[in-house]
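Chemist: predicted model, plus sequence, below.
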Amino acid sequence: MMAELKSKKSSLFHKLAPGILIAATGVGAGDLITASIAGSNVGVVIAWAAVIGGVLKWTLNEGLARWQLATDTTLLEGWNDRLGTPVRWVFITYLLVWSVFTGGALISACGIAGAGIFDFGLSAQSAKIVWGIFHSLLGLTLVWIGGFALFEKLMSVCIGIMFGAVIATAIMIDPDWSAVAGGIVKPTFAKADTKFVLGVLGGVGGSVTLLSYGYWIREAGRKGMGGLRDSRLDLAIGYIMTSLFGVAMLIIGSRLELKPGSEGIALELAAQLEGVMGTFGKWLFLFGFWGAVFSSLLGVWQSIPYMFADFMLIRSGADSKTRRDIDYTKTKAYRAFLIALAIVPILMMNLSLQKVQIYYAVMAAMFMPFLASTLLIMNNRTQWVGKQFKNGILINTVLALTVLFFGYVAYLKMVA
């Protein structure tokens, strides 16, 4: 009976895994820190921004799934086949640069998380480097030897630690729940709070990592309208979890005095929580922070090489059926990119996490309007996706708003 119950739980997670994985992969150190600083400076009055951010990212991922399930081709294949070869080359150039900065940010964040838990008696910078390299190589090893099945199991553990610890911390702080509810259902903020609202809205749920979802639903064997219904459900659950995570970080930040600019702000968060909740609160948050950043690193290490392998197969001239039948994770392109992703960004560890995060935020803000624009073009062509999968008015409206919003954020990042 216990074995049967365990099997049912396992199959339920497996069914919902792609949406939960994509949401967790998109929650990194930058999002966690941005939300906590926003909470410290503005409070929970902008909790609605975490919810709206989740809706925007759900719409983008649903559109990506819609394309793939309608055409049985990845979005990268669609860009190449329908929008032209130059789009493919622009994307791969962007991906290579994005991977260096994102990898650097994730390795640094894992280094800070590890040093916060155990520093070996080293200086803060040395402990960060040791732990950062350790996490990067551990992620490489686990992805290399374990495949998608092991990745799925490891992520379920990290996500549980991340989500459980952060939500528990927010509850134990005992906030004014009526104020939190008001912040969610009543979208208001002062003009001076705009940068914090934009940070929370844009920080929910990742950027380039959204493309990973297409490869994970292929691993899950999803097809047709049934697959789209499954995707809508698991994405909804994943982004509800992400939005709750964002609200929880706003709640935690609202009880603390935090200022942007410090690389060790996550550790400062933990130290201040110790004053509010005692030693247990400090360690609870530290393990939650570790779960967030290591799950994000694992997700990026496992998924981004798919895109490079996809690019190389398209470039080789392999037809779409051949590409569908290939296990990307066993290709030389996938494994070579995985090694490069785990090693090259280590060189970025001498830069401050804050500086790397700024570069990453600019690049992420530039990608989102591009993605939304291509989904508006491709998913509105009946001859490409069929009438059944074509965008509706509501989806088109949200995508158009996403183009405007992230285009504005990209402009602000570039002129800042």
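Modeler: Cool, got the structure.
Chemist: ok, then the element right after the helix or strand bottoming out on mean pLDDT in the chain?
Modeler: Of all helical and strand segments in the chain, the minimum by mean pLDDT, DSSP states H and E falls on helix 2-25, at a mean of 65. The helix or strand immediately downstream of helix 2-25 is helix 29-42, counting by DSSP states H and E.
Chemist: from the contact counts, what lies against that next one?
Modeler: Applying 3 or more C-beta pairs under 8 Å, 6 or more residues apart in numbering; DSSP states H and E, we find helix 29-42 packed against helix 85-117, helix 194-203, helix 224-254, helix 265-277, helix 279-316, helix 353-378. (Each C-beta comes from the backbone N, C-alpha and C, glycine too.)
Chemist: to residue 123, which of those lies closest?
Modeler: helix 85-117 (9.4 Å; C-beta to C-beta).
Chemist: which helix or strand lies directly C-terminal to the closest one?
Modeler: helix 124-172.
Chemist: thinking residue 341 is in contact with residue 299, fair?
Modeler: No - with contact defined as C-beta atoms under 8 Å, residue 341 does not count as touching residue 299 (11.9 Å).
Chemist: which of the two has more neighbours?
Modeler: residue 299 (29 against 25; other C-beta atoms under 10 Å).
Chemist: roughly how far does that one sit from residue 275?
Modeler: 33 Å (C-beta to C-beta, to the nearest Å).
Chemist: likewise residue 318?
Modeler: Residue 318 is 59 Å from residue 275, by C-beta to C-beta.
Chemist: more neighbours: those two, which one.
Modeler: residue 318 (14 against 11).
Chemist: what residues does stretch 375-383 touch?
Modeler: 60, 63-64, 66-67, 70, 78, 82-83, 384-385, 389-391, 395-396, 399-400, 403 (C-beta atoms under 8 Å, 6 or more residues apart in numbering).
Chemist: so which of these sit within helices?
Modeler: 60, 63-64, 66-67, 70, 78, 384-385, 395-396, 399-400, 403 (DSSP state H).
Chemist: which of these sit farthest apart?
Modeler: Pairwise over the ones in helices among the contacts of stretch 375-383, using C-beta to C-beta, the maximum falls at 70 and 403, 21.1 Å.
Chemist: any idea how far residue 295 is from residue 341?
Modeler: Distance from residue 295 to residue 341, by C-beta to C-beta: 16 Å.
Chemist: likewise for residue 253?
Modeler: For residue 253 relative to residue 341 (C-beta to C-beta), the value is 31 Å.
Chemist: OK, contacts around residue 208?
Modeler: Counting by C-beta under 8 Å, 6+ apart, the residues that residue 208 touches are 94-95, 98, 102, 304, 307, 364, 367.
Chemist: closest to residue 154 out of the helices and strands packed on helix 29-42?
Modeler: Nearest of those (C-beta to C-beta): helix 279-316, 6.2 Å.
Chemist: and that closest one, what's buried?
Modeler: Under the neighbour-count criterion of 16 or more other C-beta atoms under 10 Å, helix 279-316 has 281-314 buried.
Chemist: can you list the residues that contact stretch 303-315?
Modeler: 25, 74, 76-77, 80, 88, 91-92, 95, 99, 208-209, 211-212, 215-216, 322-323, 326, 328-329, 331, 333-335, 337-338, 341.
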